[in-house]
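A.B. asks: Quick one, structure for this:
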Amino acid sequence: MGGAMAKQVHPPNVRVRAAHSAIIRPQYPGGSLILRIGENNGDHPMNWYLAALKKYAVFNGRARRSEFWYFVLFNLIVSIVLTVVDGITGSLNAATGMGLLSGLYSLAVLIPSISVAVRRLHDTERSGWWVLIGLIPLVGAIVLIVFAVQEGTSGANRFGEDPKAAAA
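C.D. replies: Presented below is the predicted three-dimensional model:
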């Protein structure tokens with residue numbers, strides 16, 4: 001067995017550290033699967049949620065539909081998960097439907113939720129005060145949903161530059 005060792009061939013997504021170990025780094029069409037906060041990750045859905053949280057109490061400017069609806073989606077997912085955890089841990093109050101964790105999360109995202117809704121209304125050329133129509137049961141929620149699904153005004157409006165133009 002004194003011949004030369006056969007050269008090992010590794011796929012392009014494997015980097016060899018030593019003779020017996022390898023680090024597998026799978027490549028995906030959009031780059032790495034790992035999302036790093038603060039890095040440019042393109043239009044990853046989590047970025048829209050994080051962008052809304054970073055603008056915690058910014059009530060001026062405009063928010064694209066993507067920012068608003070992904071924020072709503074992630075809020076819904078997190079709320080459901082926390083409610084399930086509250087139910088498992090026994091901290092869920094059946095009368096209110098809220099537990100310790102879901103209640104704290106709801107308080108934490110109250111201001112960002114209002115601010116992203118106001119900025120979404122600004123994108124449709126409406127005053128942020130329209131968010132108060134949500135206080136009218138059923139009808140207010142329907143009106144706000146209709147406003148939120150409408151496309152924003154193209155170009156600058158009285159509330160700021162077009163967020164789509166800024167992203168392009």
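
A.B. asks: looking at it, Ala141 is touching Gly134, isn't it?
C.D. replies: Yes: Ala141 lies in contact with Gly134 (CB atoms under 8 Å); the separation is 6.0 Å. For every residue, glycine as well, the C-beta is placed using N, CA and C.

A.B. asks: Helices along the chain, start to end?
C.D. replies: Taking DSSP state H to define them, one finds helices in the chain at 45-54, 65-89, 100-108, 110-123, 139-149, 163-167.

A.B. asks: among these, which is the most enclosed?
C.D. replies: Most buried of these, by mean neighbour count (mean count of other CB atoms under 10 Å): helix 110-123, with a mean of 21.

A.B. asks: Does anything pack onto it? Which helices or strands?
C.D. replies: helix 45-54, helix 65-89, helix 139-149 (3 or more CB pairs under 8 Å, 6 or more residues apart in numbering; DSSP states H and E).

A.B. asks: now do 6 Å
C.D. replies: With contacts taken as 3 or more CB pairs under 6 Å, 6 or more residues apart in numbering; DSSP states H and E, helix 110-123 sits against helix 45-54, helix 65-89.

A.B. asks: pLDDT (mean, whole number) over the shortest one?
C.D. replies: When pLDDT is averaged along helix 45-54, the result is 84.

A.B. asks: Mind exporting the C-alpha coordinates of that helix to CSV?
C.D. replies: Provided in CSV are the C-alpha atoms of helix 45-54 (Å, rounded to 0.1, in the frame of the first residue of the first chain):
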residue,chain,number,x,y,z
PRO,A,45,-39.5,39.6,5.1
MET,A,46,-37.9,39.9,8.5
ASN,A,47,-36.2,43.1,7.4
TRP,A,48,-39.6,44.8,7.1
TYR,A,49,-40.5,43.8,10.6
LEU,A,50,-37.1,45.0,12.0
ALA,A,51,-37.4,48.3,10.0
ALA,A,52,-40.7,49.0,11.6
LEU,A,53,-39.2,48.3,15.1
LYS,A,54,-36.2,50.5,14.4
